[in-house]
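In: predicted model and sequence follow; I will ask about them next.
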Amino acid sequence: MRDLLAAYPRAEPRFDEMLGEGGQPRAHWAPLVDMLTRAEPARMRDRIATIEREIRDSGLTYNMYADPKGAERPWALDALPMIIPAEEWPAIEAAVAQRARLLDAVLGDLYGPQQLLADGLLPPRLVLGHSAFRRAACGAMPGARPSLVVYAADLARSPDGRGWVVAARTQAPSGAG
């Protein structure tokens, strides 16, 4: 394992997803680290090259608007999975589901009774003046639940390892497919 992790970047003040105390793999990462330790480096390089080639050949890109290098960038796919311990998943699932329900309720209100606007909880100018707000859709789906079709949450960890939702996406989140 020492050879495998020789070039692994470590930054002490940050939480390390894979390694715990003393630089040892966390229990939920151990099976993958063990598999990678036994794998031939050439085979892993071939797998990564295959992933990159398939992304390029499929034309999978995302846009970086107003970038002098151009808008289209090849989609990045990490060859290694993000492994979340089973005991952490229920809290993450509940938090993401709660946030999705909240955003769905806000969407339903903004295109329905608009009580959030009437009560002053959201500034009407912010909502009604937004280029993505569609006045013609107001009242088009009375009572239809859920209305929010796609939701994605970007998760991160604080330096002490607690989970955070750092962004929410409801318009064509990258990775939807």
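Out: Okay, I see it. Numbering: from 1, shown residues only.
In: quick one, helices of this structure?
Out: With DSSP state H as the criterion, the chain has helices at 30-38, 41-58, 89-110, 115-118, 124-128.
In: dump those helices into TSV; add mean pLDDT and distance to Pro159 as well.
Out: All C-beta atoms are positioned from the backbone trio N, CA, C, and that covers glycine. TSV is the format used below for these (pLDDT from 0 to 100; distance: least, Cβ to Cβ, whole Å):
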stretch	mean pLDDT	distance to Pro159
helix 30-38	89	23
helix 41-58	89	29
helix 89-110	92	18
helix 115-118	96	35
helix 124-128	94	33
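In: what's the closest of the ones you listed to Gln171?
Out: Closest to Gln171 of these, according to Cβ to Cβ: helix 89-110, at 11.5 Å.
In: using PDB, write out the CA atom coordinates for the closest one.
Out: In PDB, the C-alpha atoms belonging to helix 89-110 read as follows (Å, rounded to 0.1, in the frame of the first residue of the first chain):
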ATOM      1  CA  TRP A  89     -26.200   7.600   4.400                       C
ATOM      2  CA  PRO A  90     -29.600   7.800   6.300                       C
ATOM      3  CA  ALA A  91     -28.800  11.400   7.500                       C
ATOM      4  CA  ILE A  92     -27.600  12.500   4.100                       C
ATOM      5  CA  GLU A  93     -30.700  11.000   2.400                       C
ATOM      6  CA  ALA A  94     -33.100  12.600   4.900                       C
ATOM      7  CA  ALA A  95     -31.400  16.000   4.500                       C
ATOM      8  CA  VAL A  96     -31.400  15.900   0.700                       C
ATOM      9  CA  ALA A  97     -35.000  14.700   0.600                       C
ATOM     10  CA  GLN A  98     -36.100  17.500   3.000                       C
ATOM     11  CA  ARG A  99     -34.300  20.100   0.900                       C
ATOM     12  CA  ALA A 100     -35.900  18.700  -2.300                       C
ATOM     13  CA  ARG A 101     -39.400  18.800  -0.700                       C
ATOM     14  CA  LEU A 102     -38.800  22.400   0.400                       C
ATOM     15  CA  LEU A 103     -37.700  23.500  -3.100                       C
ATOM     16  CA  ASP A 104     -40.700  21.700  -4.500                       C
ATOM     17  CA  ALA A 105     -43.100  23.500  -2.100                       C
ATOM     18  CA  VAL A 106     -41.500  26.800  -3.000                       C
ATOM     19  CA  LEU A 107     -41.900  26.000  -6.700                       C
ATOM     20  CA  GLY A 108     -45.500  25.000  -6.200                       C
ATOM     21  CA  ASP A 109     -46.200  28.200  -4.400                       C
ATOM     22  CA  LEU A 110     -44.500  30.500  -6.900                       C
END
